[in-house]
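*Asks:* Structure for this input, please:
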Amino acid sequence: MPGRHSSSDSLASRIAQLPAEKRRKILGSLSKEEARALQFEWGFWARPNQLLPAAGDWTTWLICSGRGWGKTRCGAEAVRALAEQRVRRITIVGRTAQAARDEMVEGESGIMAVSPPWFRPQYEPSKRRLTWPNGVVGTIRSADEPDTLRGPQHEVLWADELAAWKYDDAWDQAMFGLRLGKQPRAIVTTTPRPTKLIKALIVAASTVLSTGTTYDNRANLSKTFYDSVIGRYEGTRLGRQELLAEILDDAPGALWKRYLLDQHRVRKVPRLVRVAVGVDPAVSATEESAETGIVAAGLGEDGHGYVLEDASLEMASPGQWGAQVVSIFNIRQADKVIAEVNNGGDLVESNIKSAEGGKHVPVEKVHASRGKQVRADPVAALYERGMVHHLGSLPKLEDQMCSWDPTDPKAKSPDRVDALVANGLVGRPSGTRSSPRSGTERATLGLGPRLPSPLGSGWKYPRHRPSRAQQSLGQSRAETLSGL
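*Replies:* Model prediction:
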């Protein structure tokens, strides 16, 4: 029957706690072949609630746990176990194509790493396909492209970081395809967030729920990772979600509410008359320092604000976040960067200008002389009026928006929120830019062809004229070419 898994030590952990003599006797009784096979025996290394649930009338195994608990390893091992049972077809869906490849398949705890030599699948990255020795086929897909999930059928689905998927209908399409075999299974591995989907799955009669905290897996985590995660989140409200895997509702004093974000969320944006990248830089790249908030947003011709992307970085050096800002500026074809410079002064602009391609990026420096709440209130009011929309889901930004209580003196600096506010959604451009940028115009400016959209083939770039920086860039390149 669906329900909860219990949690306790793994068999390996219990043997490790035995006296040395007993430990040597147990391990010494194994042959070389048995010892080699033991390395890949998940039942030996896993805690009980990390094992695939017993056969029954469950459809979804939902693993909601803190960072570093072992979610990815559980998902990969479950896929391997089901492949050994000769299921007909497996679909592997990551939050993005890169996450699916780098974490679910090629990662240290991914499918390739946990597979023994005698049952390692053939991996064809160009075809996004895994083929096991017994003929079972797995297809790798991205939740950022929901339409690619429409149609394909499967008997097993592994969905990673479901709570952070940008589009809810990606889950719907994946589940519509879960129709092969007598008992199709879905494995969901995710850090919990209080989304409607996660809440619905938790209470579903067909769900087996496994939970755990970061502390459960302390023995298997590197000191650097453990200290970094614990140091950042322990003792905070967000830490209850990220470390303890609690499903948190909005903070009582938060300026934003999730139901409003969901109510006004969009999948497409209208023609944009202005695009800017807001930046709230971290002072340093140490584990104790804040994040660097980087949020791209635009003003639509309908007068509404559209938050396009949260590209914030954790523990990033000045060079790293400067390069990230320039990259987002170019990808989003922005008009300018608006940076809060209370910490860093002219160095903030210097970091952006010194990044590759950043010389001609216009930077507007903002000195925040008022408190965070005073600056955030007008933007929060626009959200309440339905004047600001998020393009898909922006999980980490939204978590911060709905958990930051400005009346709490112990609350940490909301860097992503600061970047959102700095972006200037309240402001209006002096004029509109009406014609789209053509391929000829881009070539004249020396900008090259359009980059592939990180949001998938269905999304189109904002239609507005080149910014002054891009015009200047094109002019300078033209001058250089004329002198040759």
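*Asks:* can you confirm residue 92 is in a strand?
*Replies:* Yes: according to DSSP: H, G, I helix; E, B strand; the rest coil, the state of residue 92 is that of a strand.
*Asks:* how about the nearest residue to residue 238, chain neighbours excluded?
*Replies:* Ranked by Cβ to Cβ, 6 or more residues apart in numbering and with sequence neighbours excluded, the top spatial neighbour of residue 238 is residue 403, at 5.4 Å. Bear in mind the C-beta positions are built from the backbone N, C-alpha and C, glycine included.
*Asks:* ok, that neighbour - how many residues close by?
*Replies:* Using other Cβ atoms under 10 Å, residue 403 is surrounded by 22 other residues.
*Asks:* what sits against it?
*Replies:* Residues in contact with residue 403 (Cβ atoms under 8 Å, 6 or more residues apart in numbering) are 237, 238, 241, 248, 250, 251, 254.
*Asks:* The last one should be in a strand, yeah?
*Replies:* No: according to three-state DSSP, residue 254 belongs to no strand; its state is coil.
*Asks:* ok, now how distant is it from residue 408?
*Replies:* Noted for residue 254: a distance of 10 Å to residue 408, by Cβ to Cβ, to the nearest Å.
*Asks:* For the two, indicate the residue with more neighbours.
*Replies:* Using other Cβ under 10 Å, the more surrounded residue of residue 254 and residue 408 is residue 254, with 20 against 13.
*Asks:* Got phi/psi on the more buried one?
*Replies:* In terms of degrees, to the nearest 10, the main-chain angles of residue 254 are phi -70, psi 140.
*Asks:* Going forward, count from 20.
*Replies:* Okay, using 20 as the starting number, the last item reads as residue 273.
*Asks:* What pLDDT is listed against it?
*Replies:* At residue 273, the model reports a pLDDT of 86.
*Asks:* Also residue 460?
*Replies:* On pLDDT, residue 460 comes in at 35.
*Asks:* now do residue 420
*Replies:* pLDDT, residue 420: 90.
*Asks:* and it, what helix or strand is that in?
*Replies:* Here residue 420, judged by DSSP states H and E, is contained in helix 414-422.
*Asks:* Tell me how far that helix lies from the chain's centre.
*Replies:* 12 Å (Cα atoms, centre = their mean, to the nearest Å).
*Asks:* separation between residue 28 and residue 184?
*Replies:* Taking Cβ to Cβ, one finds residue 28 at 33 Å from residue 184.
*Asks:* which of these two has more neighbours?
*Replies:* Between residue 28 and residue 184, counted using other Cβ under 10 Å, the more crowded position is residue 184 (27 against 14).
*Asks:* List the residues that contact the closest residue to that one other than its chain neighbours.
*Replies:* Spatial nearest neighbour of residue 184, chain neighbours left out: residue 162 (4.3 Å); criterion: Cβ to Cβ, 6+ apart. The contact partners of residue 162, by Cβ under 8 Å, 6+ apart, come to 112, 113, 114, 115, 168, 178, 184, 185, 186, 189, 190.
*Asks:* Any idea which helix or strand in this structure has the lowest mean pLDDT?
*Replies:* helix 458-464 (a mean of 36; mean pLDDT, DSSP states H and E).
*Asks:* got the angle for the next helix or strand after the helix holding residue 420 vs helix 414-422?
*Replies:* Once the chain leaves helix 414-422, the next helix or strand it forms, by DSSP H and E, is helix 434-441. For helix 434-441 against helix 414-422, the angle between stretch directions is 80 degrees (axes from the mean of the first three to the mean of the last three Cα atoms, to 10 degrees).
*Asks:* outside of helix 434-441, which residues touch it?
*Replies:* 297-299, 301, 309-314, 316, 326, 329, 331, 357-359, 385, 387, 391, 394-395, 398, 415-416, 419-420, 423.
*Asks:* repeat that for 7 Å
*Replies:* For helix 434-441, contacts defined as Cβ atoms under 7 Å, 6 or more residues apart in numbering pick out 297-299, 309-314, 326, 329, 331, 357-359, 385, 391, 394-395, 398, 415-416, 419-420, 423.
*Asks:* so which strand or helix has residue 208?
*Replies:* strand 204-209.
*Asks:* could I have that strand exported to PDB, CA atoms only?
*Replies:* Extracted C-alpha coordinates of strand 204-209, given in PDB (Å, rounded to 0.1, in the frame of the first residue of the first chain):
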ATOM      1  CA  ARG A 204       5.900   3.600 -12.500                       C
ATOM      2  CA  ALA A 205       7.000   7.300 -12.000                       C
ATOM      3  CA  ILE A 206      10.000   8.100  -9.800                       C
ATOM      4  CA  VAL A 207      10.200  11.700  -8.800                       C
ATOM      5  CA  THR A 208      13.300  13.100  -7.100                       C
ATOM      6  CA  THR A 209      13.100  16.700  -5.900                       C
END
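*Asks:* in its sheet, what does it sit against?
*Replies:* Strand pairing for strand 204-209, using DSSP bridges, gives strand 79-84 (parallel), strand 175-179 (parallel).
*Asks:* could the ones you listed be laid out in CSV, adding distance to residue 370, mean pLDDT and mean neighbour count?
*Replies:* Listed next are the strands paired with strand 204-209 as CSV, based on distance: least, Cβ to Cβ, whole Å; pLDDT from 0 to 100; neighbours: other Cβ atoms under 10 Å:
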stretch, distance to residue 370, mean pLDDT, mean neighbour count
strand 79-84, 36, 96, 24
strand 175-179, 33, 97, 26
